[in-house]
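Trainee: Got a predicted structure here, sequence first:
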There are 2 protein chains.
Amino acid sequence: MSRPEKKQRTEHYVLYYWPGIPGRGEYVRLALEYAGVPYTEHHADLMPTLWDAAKIGAPPHFAPPALQLPSGRVVSQTGAILHLIAPRCALAGAHGSQLNTLTADGRAKIKDLSDAELERGEEERASVTQLVLSALDWQTEAHDVHHPVASALYYEEQQAEAARAAALYRKDRLPRWLSHFENVLATNPETAKDAPKVYLVGRQTTTADLVLFQVLDGHLFAFPRRMAQLKEGGEYANVFALHERVKGEKGIKEYLASDRRRKYSNGIFRHYEELDGEEESK
Amino acid sequence: MSRPEKKQRTEHYVLYYWPGIPGRGEYVRLALEYAGVPYTEHHADLMPTLWDAAKIGAPPHFAPPALQLPSGRVVSQTGAILHLIAPRCALAGAHGSQLNTLTADGRAKIKDLSDAELERGEEERASVTQLVLSALDWQTEAHDVHHPVASALYYEEQQAEAARAAALYRKDRLPRWLSHFENVLATNPETAKDAPKVYLVGRQTTTADLVLFQVLDGHLFAFPRRMAQLKEGGEYANVFALHERVKGEKGIKEYLASDRRRKYSNGIFRHYEELDGEEESK
């Protein structure tokens, strides 16, 4: 299927996030970069600003990322941000993306839809967000492997607990999450005849594909040995094919090659050799 | 402000969740009960069913809760479910609730809105969901206190790690979360003249209020000693007042007194005496 038309707006978005790491801000960056929507980043006094309704508007925010919209309103929580911008970026599925309330020509396309199209659009958009939230739960689990006791402590202060958590994560949870997304890809009715099957919802890129890409990419960095074993096993062929497909998408490809793409370091995804397990016999 | 009209639909919703515990299903139950929307529960073969697209439709689900909509489509992930049903339940704020795509008389009110009203409604709805997702992050942290190493292990298998996590949780994270929501309540411009201030967004009940109520309620069960100290300190007076206010709301009051309300047991919120800390001098 040819790439759907992207809805580009001229208004400006501002991403509030930590400089220097991909982190949770990366999910928002990927959506804006894919859609070619202009944005800048705000790094100064990040937490006092986001916590202060007098500066940021109501309601204030628990943590970044937060996105300032063309209206001036600021929304935080990755899942809420992506849900809001998905139709504007044509990333909410074929039906969900019709709910765009703000097109480039300033006209609300949503009013042309029948009641049935409105219902279907809302529900497809919700399915996309369901998968976004599941992939975000997965990344939180991946983070908690190296920080099982408390985020406020250093890794070195919880290394014994992390070793125990990592062994169980590599054995049980990591394959379980891969199985889930393989299951979603394999049972997508709109890609029934494709091989490989590389779209989570419908037959076009959604925010769910972008988030899954990033979570996989982070795992390939953090757990290279275990991920290589799981890839070689062949059980998750569609999942790994989605990672390759998204990597080459227009907008994403250019972004990944640019200096706007941060390197992984001490963020959500960290590579600690000792948490990646022993080389196992096949 | 008088209670806004609730949008009751006659179509039937089915909640897929574990029987016997409040758990994450409780957030969905509270929204439907508040709005007086009829629903039943599906308990049989829960996980094989939700994992199987042939039975449940595409995409399949990682975990319950999931909600079957009048259209037959099933959506999971608490945040996605609540975002979807919030306008239908008049729980998305004054502006966000105007985005109801399916009113009782089958007419899409959304088409009467101006472009500015559409944008404002979408953004208010996103702010409500932002607060829902933050409160859900908080409950996940509360769960992880008694299961820091892995959800698949028993508490007794990670009791030493849990004791360490609980001490830091009681001291740092619990006050931090309470401070955040106190800050949101205290800076809500629409309740500037109220005392106490008991609405997170606007001046009517939203899904965010209901989720915060339940997370507070769970903490009062799990950490009664620590919560009593924090309440007595007076710093979070609006937060505790919101808990009392929601408890008495029409729909919620009757639900809490009914046998549909499950007792807390071995779910997200668990009371382990040893995780609730020593009695401290004031």
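Mentor: Received, thanks. Given the structure is predicted, the values throughout are model-derived calculations rather than measurements.

Trainee: Find the residue at the geometric middle of chain A.
Mentor: Here the mean C-alpha position of chain A is nearest to the C-alpha of residue A:211 (Cα atoms, centre = their mean), at a distance of 2.2 Å.

Trainee: any low-confidence regions in chain A?
Mentor: Residues of chain A that meet the criterion pLDDT under 70 lie in A:1-10, A:101-108, A:279-282.

Trainee: Of all the residues in the strand or helix carrying residue A:126, which ones are buried?
Mentor: If you go by DSSP states H and E, residue A:126 is part of helix A:115-146. Neighbour counts using 16 or more other Cβ atoms under 10 Å in any protein chain shown place A:117-139, A:141-146 of helix A:115-146 among the buried residues. The way it works is simple: take the backbone N, C-alpha and C, and place the C-beta from them, glycine included.

Trainee: can you check stretch A:213-232 too?
Mentor: A:213-223, A:226-227, A:230-231.

Trainee: Between these, which sits nearest chain B?
Mentor: For the buried residues of stretch A:213-232, the minimum distance to chain B (Cβ to the nearest Cβ) is 12.9 Å, reached by residue A:215.

Trainee: I'd say the closest one and residue A:138 touch.
Mentor: Yes: look at residue A:215 against residue A:138 with Cβ atoms under 8 Å: they come within range, at 5.6 Å.

Trainee: Tell me which residues are up against stretch A:234-250.
Mentor: The contact list for stretch A:234-250, computed with Cβ atoms under 8 Å, 6 or more residues apart in numbering or on different chains, reads A:3, A:34, A:178-179, A:181-182, A:185-186, A:196-200, A:205, A:209-210, A:212-213, A:216-217, A:220, A:230-231, A:252-253, A:256.

Trainee: do the same with stretch A:27-41
Mentor: A:6-10, A:12-17, A:19, A:22, A:25, A:65, A:67, A:78, A:81-82, A:85-86, A:88-91, A:132, A:136, A:205, A:207, A:210-211, A:213-214, A:249, A:251-252, A:254-255, A:260.

Trainee: Narrow these to those in strands?
Mentor: Among the contacts of stretch A:27-41, DSSP state E puts A:13-16, A:67 in strands.

Trainee: sorry, back to before: just the buried ones from the contacts of stretch A:27-41?
Mentor: Among the contacts of stretch A:27-41, the ones that count as buried by 16+ other Cβ under 10 Å are A:6-7, A:9, A:13, A:15-17, A:22, A:25, A:65, A:67, A:78, A:81-82, A:85-86, A:88-91, A:132, A:136, A:205, A:207, A:210-211, A:213-214, A:249, A:251-252, A:255.

Trainee: Dump the C-alpha coordinates for stretch A:219-236 into CSV.
Mentor: What follows is stretch A:219-236, C-alpha atoms only, in CSV (Å, rounded to 0.1, in the frame of the first residue of the first chain):
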residue,chain,number,x,y,z
HIS,A,219,16.3,-4.0,23.7
LEU,A,220,18.7,-4.7,20.8
PHE,A,221,21.0,-2.2,22.6
ALA,A,222,20.4,-3.4,26.1
PHE,A,223,20.2,-7.1,25.7
PRO,A,224,22.1,-7.8,22.4
ARG,A,225,23.0,-11.4,23.3
ARG,A,226,19.6,-12.5,24.4
MET,A,227,17.9,-10.7,21.6
ALA,A,228,20.1,-12.4,19.0
GLN,A,229,19.2,-15.8,20.4
LEU,A,230,15.5,-14.9,20.3
LYS,A,231,15.8,-13.6,16.7
GLU,A,232,17.7,-16.6,15.6
GLY,A,233,14.9,-18.9,16.9
GLY,A,234,12.6,-17.6,14.2
GLU,A,235,9.5,-17.5,16.4
TYR,A,236,9.2,-13.7,16.2
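
Trainee: Give the burial count for residue A:58, as a bare number.
Mentor: Residues near residue A:58, counting by other Cβ atoms under 10 Å in any protein chain shown, number 18.

Trainee: wait, what's in contact with it?
Mentor: Residues in contact with residue A:58 (Cβ under 8 Å, 6+ apart) are B:184, B:187-189.

Trainee: Shouldn't it be within a strand?
Mentor: No: Residue A:58 is assigned coil when assessed by DSSP: H, G, I helix; E, B strand; the rest coil, not a strand.

Trainee: phi, psi of residue A:76?
Mentor: Geometry field for residue A:76 lists phi and psi as phi -120, psi -180, criterion degrees, to the nearest 10.

Trainee: Over to residue A:18?
Mentor: Phi and psi for residue A:18, reported as degrees, to the nearest 10, are phi -60, psi 140.

Trainee: so who does it touch?
Mentor: Counting by Cβ under 8 Å, 6+ apart, residue A:18 has contacts A:25, A:43, A:46, A:64.

Trainee: go with 10 Å
Mentor: Neighbouring residues of residue A:18 by Cβ atoms under 10 Å, 6 or more residues apart in numbering or on different chains: A:24-25, A:41, A:43, A:46-47, A:63-65, A:262, A:267.

Trainee: re earlier: which ones among the buried residues of helix A:115-146 come in contact with chain B?
Mentor: By Cβ under 10 Å from any Cβ of the partner chain, the members of those lying near chain B are A:117-138, A:141, A:144-145.

Trainee: In the stretch 101-250 of chain A, what residue comes closest to chain B?
Mentor: Relative to chain B, the nearest point of the stretch 101-250 of chain A is residue A:187 (3.6 Å; Cβ to the nearest Cβ).

Trainee: So what's the residue count around that residue?
Mentor: Neighbours of residue A:187 (other Cβ under 10 Å): 18.

Trainee: Backbone dihedrals for it, please?
Mentor: Phi and psi for residue A:187, reported as degrees, to the nearest 10, are phi -110, psi 10.

Trainee: Wait, it touches residue B:53, no?
Mentor: Yes: with contact defined as Cβ atoms under 10 Å, residue A:187 reaches residue B:53; the gap is 3.6 Å.

Trainee: Overlap of the contact sets of these two?
Mentor: B:59-60.

Trainee: hmm, back to that, which residues touch the closest residue to the residue nearest to the centre of chain A other than its chain neighbours?
Mentor: Distances taken as Cβ to Cβ, 6 or more residues apart in numbering or on different chains place residue A:135 nearest to residue A:211, at 4.4 Å, with adjacent residues excluded. The contact partners of residue A:135, by Cβ under 10 Å, 6+ apart, come to A:27, A:79, A:177, A:180-181, A:200, A:207-216, B:62.

Trainee: can you rerun that using 8 Å?
Mentor: For residue A:135, the contact set (Cβ under 8 Å, 6+ apart) comprises A:181, A:208, A:211-212, A:215.

Trainee: now, which of those lie within helices?
Mentor: A:181, A:208, A:211-212, A:215 (DSSP state H).

Trainee: closest to residue B:96 among the residues you listed?
Mentor: Nearest to residue B:96 among the ones in helices among the contacts of residue A:135: residue A:208, at 22.9 Å, using Cβ to Cβ.

Trainee: export the contacts of residue A:58 to TSV and tack on secondary structure and distance to chain A?
Mentor: Formatted as TSV, these follow (DSSP: H, G, I helix; E, B strand; the rest coil; distance: Cβ to the nearest Cβ, whole Å):
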residue	secondary structure	distance to chain A
B:184	helix	5
B:187	coil	4
B:188	coil	6
B:189	helix	6
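
Trainee: Which of the residues you listed are buried, as a PyMOL select command?
Mentor: Applying 16+ other Cβ under 10 Å to the contacts of residue A:58, the buried members can be selected in PyMOL as follows:
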select buried, chain B and resi 184+187+188
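
Trainee: Redo the contacts of residue A:58 as JSON lines? Include distance to residue A:276.
Mentor: Output for the contacts of residue A:58, formatted as JSON lines (distance: Cβ to Cβ, whole Å):
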{"residue": "B:184", "distance to residue A:276": "40"}
{"residue": "B:187", "distance to residue A:276": "44"}
{"residue": "B:188", "distance to residue A:276": "46"}
{"residue": "B:189", "distance to residue A:276": "50"}
